[in-house]
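J.: Pasting the sequence and the predicted model now:
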Amino acid sequence: MGEVPLSLHVTADVKRELEEHARLLNVSESEIAERAIESYLEIPARERAILKERIAEADKGVFISSEAMMRWMESWGSENELAPPEPDVFLPPRQR
């Protein structure tokens, strides 16, 4: 996909900082702005991918009950600390 122009308005302070940063790095202001936008967009994309993975895992229907989780957590730091619980709730997998 080719490049397309993008115009935006920033405060004078942001513009000055951008110019200074570009000068120090010996790159264009546009290059810095493009990198910043790409980085900003990567975060929600990564979050969506993680959420999709978690939903797929939950759709399998294998869980740890809150009771088993609470027993384990309440044992933390005690002489009889329990091992992490194993799944004990098994629901039919969701069909997508």
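T.: All right, it came through fine. Numbers count the residues shown, from 1 in each chain.
J.: List the buried residues in the helix or strand where residue 24 lies.
T.: With the criterion set as DSSP states H and E, the secondary-structure element containing residue 24 is helix 12-25. Using 16 or more other Cβ atoms under 10 Å as the test for burial, helix 12-25 gives 18, 22. C-beta here means a position set from N, CA and C on the backbone, and glycine is covered the same way.
J.: Could you give the separation of the helix or strand following that helix from the chain centroid?
T.: Reading on from helix 12-25 to the C-terminus, the next helix or strand found by DSSP H and E is helix 29-59. Shown here is helix 29-59, whose average C-alpha point lies 7 Å from the average C-alpha point of the whole chain (Cα atoms, centre = their mean, to the nearest Å).
J.: likewise stretch 55-62?
T.: Using Cα atoms, centre = their mean, the distance from the centre of stretch 55-62 to the centre of the chain it belongs to is 19 Å.
J.: Can you spell out the domain ranges of this protein, please?
T.: In the domain annotation for the chain, the residue ranges read 10-59, 61-96 (automatic domain parsing).
J.: I'd like these laid out as JSON lines, including mean pLDDT and distance to residue 1.
T.: What follows is these, written out as JSON lines (pLDDT from 0 to 100; distance: least, Cβ to Cβ, whole Å):
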{"stretch": "domain 10-59", "mean pLDDT": "96", "distance to residue 1": "13"}
{"stretch": "domain 61-96", "mean pLDDT": "94", "distance to residue 1": "30"}
